[in-house]
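1. coords below, sequence missing:
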């Protein structure tokens, strides 16, 4: 396996990891107004994510940063081809990061409620942006014959908007499942009751997205293996059902594993359907750029692989260790910062 | 203003604002780690109070810095795809390594430090903080190796329109990068030092902190400010030597030599047709501003270091009065230094290999760029103002009040739990 393929896989893992982990952050932000009604409850919900929050968010920087070095052609085509959606996602991510960090630095209750609204808005924008970007990528990018991006106007379609809304609800279900596992008292109880509702809504929206995609929402030739994509999306529905079932049986971490799988399968559906190309042209008769054309030169890929590779694995191990030491349900004495 | 001007303005504002946050983060994290180490070694409670106070200021500043950093990374892919297409085969590598070695590690360890106070053994917890420091400084190193290539391309080969890396060793030992790394690390320590001195002076005037806290903070701040200034000024002088050789035009703009600038303009016209020259006046005054502030920092830093002997600084009204406005000057110098270095490189993105115009994403329209300029500049400007408002508020409260770092275990911030007795034993 060449370095280019290796890093394409690594990017897939890193970006999927980002969606699964930061999906918790955005999901908790989205259900925050509903499951946590007063300041103490809000702090409980935010600090349930607390020890993982910075680590979750940084997967995005790592996915995008390694992509700049290893698959620059992919990064520039992805971001410029879906410019407006990328901006929404980016602003959402920045807003969530800052508002979660800062809300409890204010002592007034009014200021904190304001920040909570900002957390919700940022989470909504981030979730919507990534869902829409993924759906737009499924449709393809406006490319010319040389494989360069010609514009971003084609990225805002009914399909991409629907994909954005679907991602919001899916992340919200994921966040509710997480709170069921780690929060306690009224917050955990409200989250537990929200799980079946949100999961059902996410399932219906996914089906709607699938219907729109199959009834002309996707240009011809966007998917080489539509069957793979359909199977993966049906897989999302199946694991969502498992998440609901586990939640009703009070098996909270099993439910979390199921909702995490549901989030992870969404990008897998797009990539598997388009394999081996990832960026396809929207117009017909044009050629999709091959992986090697999107990749950096082999010496620089070797440099990245041997310097960043070991550290990457080590830091992932440290994050796993952090999950292990903070795996328990919170108590009223748990450390709080957010 | 055309698409190029908009994109340049957008990137310049994002980078400078981001860098203001980064400089303070780099400086403070080192001082916090030193203070925390002293607490672990001596057990003196003043060092714990200091760690909580300065540590919170550092964490808040870091959190806002992440936001601005994200804005910068996205912009590189969205607006500068010409640079990525042509040169990311070389300079993308250090950037990629930076995100993993620095950001990934830094955020992961910082979260462990914030939340792990009562879950990790004391020495492990201290090691975690030093790993945060190491990864923060690694980010400066790798970012400047990437930046150094833009100024002084080495270890590459031209393959059609694309640059390819041929020698990782040459890239990693680029003299332009290493001299800048030393200069900027010095400037960050200086910024952190003057920040600590200024806030401490304020706390003293308002009577918001006890004597021992003030005494220790003045000492740590004075050492950082003085030695930071010495390193910055020394390496700055050496750097000027490097610039004279490798970027003669930047030096010509600095010494205001009209004839050299004219020669350069003719040369550029032959290569690219019509291009803009670097604005010589801006480059010149940016350089002068930086140097004058560097000199002031050297004087005030030395004065502070002398004054902390036998704690005379606690009684020196003139110096403590001076130290409060002095906090702002390193930020001005950092920005001016950035303008001198980066604007002085124009009209190239990769020196003498890729013009800034070629680096721009070709498909971008003026309308798209106007929207993204408005969005990005609003985001980073709000972030910067927010950061300073919050830092000022936390600083004003002083160390006596509960800072919010490492609290909660007993603070009653969370709703009561019906099963409260469950795992008290887990907490060390």
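-> Structure's in. What do you need? As the structure is a computational prediction, the values presented were derived from the model and not from experiment.
2. Might you report the residue contacts of residue B:153?
-> Each residue near residue B:153 by CB atoms under 8 Å, 6 or more residues apart in numbering or on different chains is listed here: B:90, B:163, B:350, B:351, B:352, B:353. The way it works is simple: take the backbone N, C-alpha and C, and place the C-beta from them, glycine included.
3. repeat that for 7 Å
-> Listed by CB atoms under 7 Å, 6 or more residues apart in numbering or on different chains, the contact partners of residue B:153 are B:350, B:351, B:353.
4. and what of residue A:72?
-> Applying CB under 7 Å, 6+ apart, the residues contacting residue A:72 are A:296, B:84, B:85, B:88, B:92.
5. Tell me how many other residues crowd the fourth one.
-> Residue B:88 has 31 neighbouring residues, counting by other CB atoms under 10 Å in any protein chain shown.
6. Could you measure from it over to chain A?
-> Between residue B:88 and chain A the distance is 4 Å, computed by CB to the nearest CB, to the nearest Å.
7. Same question for the last one.
-> Taking CB to the nearest CB as the criterion, residue B:92 is separated from chain A by 4 Å.
8. For the helix or strand hosting residue A:9, buried residues please.
-> When elements are defined using DSSP states H and E, residue A:9 is found to belong to helix A:3-35. Buried residues in helix A:3-35, defined by neighbour count with 16 or more other CB atoms under 10 Å in any protein chain shown: A:3-4, A:7-8, A:10-11, A:14-32, A:35.
9. where does the stretch 151-300 of chain B have low pLDDT?
-> When the per-residue scores of the stretch 151-300 of chain B are filtered using pLDDT under 70, the ranges that remain are B:271-276.
10. Strands of that one, residue ranges please.
-> Defined through DSSP state E, counting those that start in this stretch, the strands belonging to the stretch 151-300 of chain B, from first to last, are B:156-159, B:162-165.
11. cool, and chain A?
-> Remark: no strands are assigned in chain A by DSSP state E.
12. now the stretch 301-428 of chain B
-> Along the stretch 301-428 of chain B, counting by DSSP E, counting those that start in this stretch, strands occupy B:348-350, B:354-355.
13. deepest of those strands, which one?
-> strand B:348-350 (a mean of 23; mean count of other CB atoms under 10 Å in any protein chain shown).
14. what helices or strands is it leaning on?
-> Secondary-structure packing of strand B:348-350 (3 or more CB pairs under 7 Å, 6 or more residues apart in numbering or on different chains; DSSP states H and E): strand B:354-355, helix B:356-359.
15. Is any residue of the shortest one near chain A?
-> No: counting by CB under 7 Å from any CB of the partner chain, chain A is not contacted by strand B:354-355; separation bottoms out at 13.6 Å.
16. Just checking the distance from that strand to the centre of its chain.
-> Taking the mean of its C-alpha atoms, strand B:354-355 sits 26 Å from the chain's own mean (CA atoms, centre = their mean, to the nearest Å).
17. Kindly report the same for stretch B:23-35.
-> For stretch B:23-35, the gap between its own C-alpha mean and the chain's C-alpha mean amounts to 11 Å (CA atoms, centre = their mean).
18. can you list contacts of that stretch?
-> Around stretch B:23-35, the neighbours that count as contacts under CB under 7 Å, 6+ apart are B:47, B:50-51, B:54-55, B:57-58, B:61-62, B:65, B:129-130, B:132-133, B:136-137, B:140, B:187-189, B:191-193, B:195-196, B:220, B:224, B:334.
19. which ones among those residues are found in helices?
-> Members of those lying in helices (criterion: DSSP state H): B:47, B:50-51, B:54-55, B:57-58, B:61-62, B:65, B:129-130, B:132-133, B:136-137, B:140, B:187-189, B:191-193, B:195-196, B:220, B:224, B:334.
20. just those that are near chain A?
-> The overlap between the ones in helices among the contacts of stretch B:23-35 and the neighbourhood of chain A (criterion: CB under 7 Å from any CB) is empty.
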